[in-house]
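> Got a sequence here, can you model it:
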Amino acid sequence: MAGRLLIAGGKSDPSIRAVQGAARTLGVETLDLWTDTAAITFDPLTALLWQDAHEITGVGAAFLRADVFGPNPSVAASVHTVLRGWLACHPEVRRCNPMTFGRSASVNKLSALAAAHRHGLAVPVTMAGNNPRGLEAFAAQTPAIRKPVEGGDYCRPLVPEGQPGSVAIIAQERLVGPELRLYRVGSRLFGFQIRSAALDYRTDPAAIVSAAPVPDALRSGITALTDEMGLDFCASDFKTCPRSGGWIYLETNAAPMIAAFGPELAEAIVAYLIARRP
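Okay, the predicted model is just below:
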């Protein structure tokens with residue numbers, strides 16, 4: 001890689017800190033940009049970007065992460081969008097998930113379920129929408145959970161809103177732990193097991209994360225699925241069906257958390273961005 005590694009995200013985001021630390025370990029020069037406090041200017045006709053009064057140059061690779069849980073999420077999101085627009089004008093800058101830049105970087109959770117099913121992955125019984133009658137009927141059939149269609153919140157027990165016109169949600173049969181998370185970095189897959197008593201492990205400070213082998217039964221399906229999505233960096237989540245005991249695909253996140261999953265993962269991301277063998 002010729003040039004610096006641009007690392008852009010929220011100052012309080014531990015995943016950004018993990019990538020910065022990995023870059024230092026690998027001796028990679030970085031340009032750090034805090035999306036919640038940065039003052040930037042971008043000219044799409046000349047493809048030039050400035051931070052304060054200084055033009056940003058000499059960037060050979062970039063790692064961006066949306067700061068949805070930081071102190072200024074709306075500010076961070078707007079700066080993140082500008083940076084994605086700048087990157088779309090610079091195809092020579094190496095980045096993860098290049099096909100997502102210039103359009104939404106999020107994965108539609110519902111189309112992902114349909115695609116996962118096509119690629120041979122088991123998926124949960126699912127209903128999505130904002131019709132309270134339909135959701136109440138779904139909840140009456142099986143223990144169920146709810147999560148936002150757009151993401152950005154935790155998984156919770158299903159309680160329908162009770163009136164038409166409410167925000168649409170995804171309702172799914174309730175699965176059981178432990179949770180399996182498979183990260184893709186380039187062509188490599190990394191597996192982790194997460195044990196928690198909570199419905200959503202992100203709410204549990206006592207959750208236990210440990211490295212785990214990638215099940216052979218999932219390897220080809222998750223690779224084909226993320227190939228179709230155009231993702232070379234992502235994390236896909238699985239839980240266990242209480243009836244069959246098999247792994248059930250939940251979703252794929254194109255901008256997942258990485259800090260809790262060990263330095264090897266962060267170093268693999270940096271090595272991939274700078275085109276260096278791990």
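> show me the contacts for the residue nearest to residue 116 when sequence neighbours are not counted.
Residue nearest to residue 116 in three dimensions, not counting chain neighbours: residue 249, with 4.5 Å by C-beta to C-beta, 6 or more residues apart in numbering. (Each C-beta comes from the backbone N, C-alpha and C, glycine too.) The contact partners of residue 249, by C-beta atoms under 8 Å, 6 or more residues apart in numbering, come to 113, 116, 121-124, 222, 236-238.
> Inside helices: which ones of the residues you listed?
Counting by DSSP state H, the contacts of residue 249 place 113, 116, 222 in helices.
> Would you mind giving me the confidence score for the first one?
pLDDT for residue 113: 92.
> So which of the contacts of residue 249 belong to strands?
Among those, the members falling in strands (DSSP state E) are 236-238.
> quick one: low-confidence ranges for the stretch 151-278 of the chain?
151-152, 160-166, 276-278 (pLDDT under 70).
> again, 90 this time
151-177, 196-207, 240-246, 255, 275-278 (pLDDT under 90).
> for it, what spans make up the helices?
216-229, 263-273 (DSSP state H, counting those that start in this stretch).
> rewinding a little: which one of the contacts of residue 249 is nearest residue 69?
residue 237 (17.7 Å; C-beta to C-beta).
> Isn't that closest one up against residue 247?
No: the pair residue 237 and residue 247 fails to qualify as a contact (C-beta atoms under 8 Å) at a distance of 10.1 Å.
> list residues touching both of these two?
residue 180.
> Dump the helix or strand encompassing residue 140 to PDB, keeping only the CA atoms.
In the assignment (DSSP states H and E), residue 140 maps to helix 132-141. Extracted C-alpha coordinates of helix 132-141, given in PDB (Å, rounded to 0.1, in the frame of the first residue of the first chain):
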ATOM      1  CA  PRO A 132     -50.400  -5.200  15.300                       C
ATOM      2  CA  ARG A 133     -52.900  -8.000  14.500                       C
ATOM      3  CA  GLY A 134     -50.400  -9.900  12.500                       C
ATOM      4  CA  LEU A 135     -47.700  -9.500  15.100                       C
ATOM      5  CA  GLU A 136     -50.000 -10.500  17.900                       C
ATOM      6  CA  ALA A 137     -50.900 -13.700  16.000                       C
ATOM      7  CA  PHE A 138     -47.200 -14.400  15.400                       C
ATOM      8  CA  ALA A 139     -46.400 -14.000  19.100                       C
ATOM      9  CA  ALA A 140     -49.300 -16.300  20.100                       C
ATOM     10  CA  GLN A 141     -47.800 -19.200  18.000                       C
END
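> Packing partners of it?
strand 126-129, strand 169-173 (3 or more C-beta pairs under 8 Å, 6 or more residues apart in numbering; DSSP states H and E).
> Could you list the buried residues of it?
The neighbour-count check on helix 132-141 (16 or more other C-beta atoms under 10 Å) flags 135, 138-139 as buried.
> Same list (those residues) but as JSON lines, adding distance to residue 67 and pLDDT.
Listed next are the buried residues of helix 132-141 as JSON lines, based on distance: C-beta to C-beta, whole Å; pLDDT from 0 to 100:
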{"residue": "135", "distance to residue 67": "31", "pLDDT": "77"}
{"residue": "138", "distance to residue 67": "34", "pLDDT": "80"}
{"residue": "139", "distance to residue 67": "33", "pLDDT": "78"}
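> Many thanks, have a good one.
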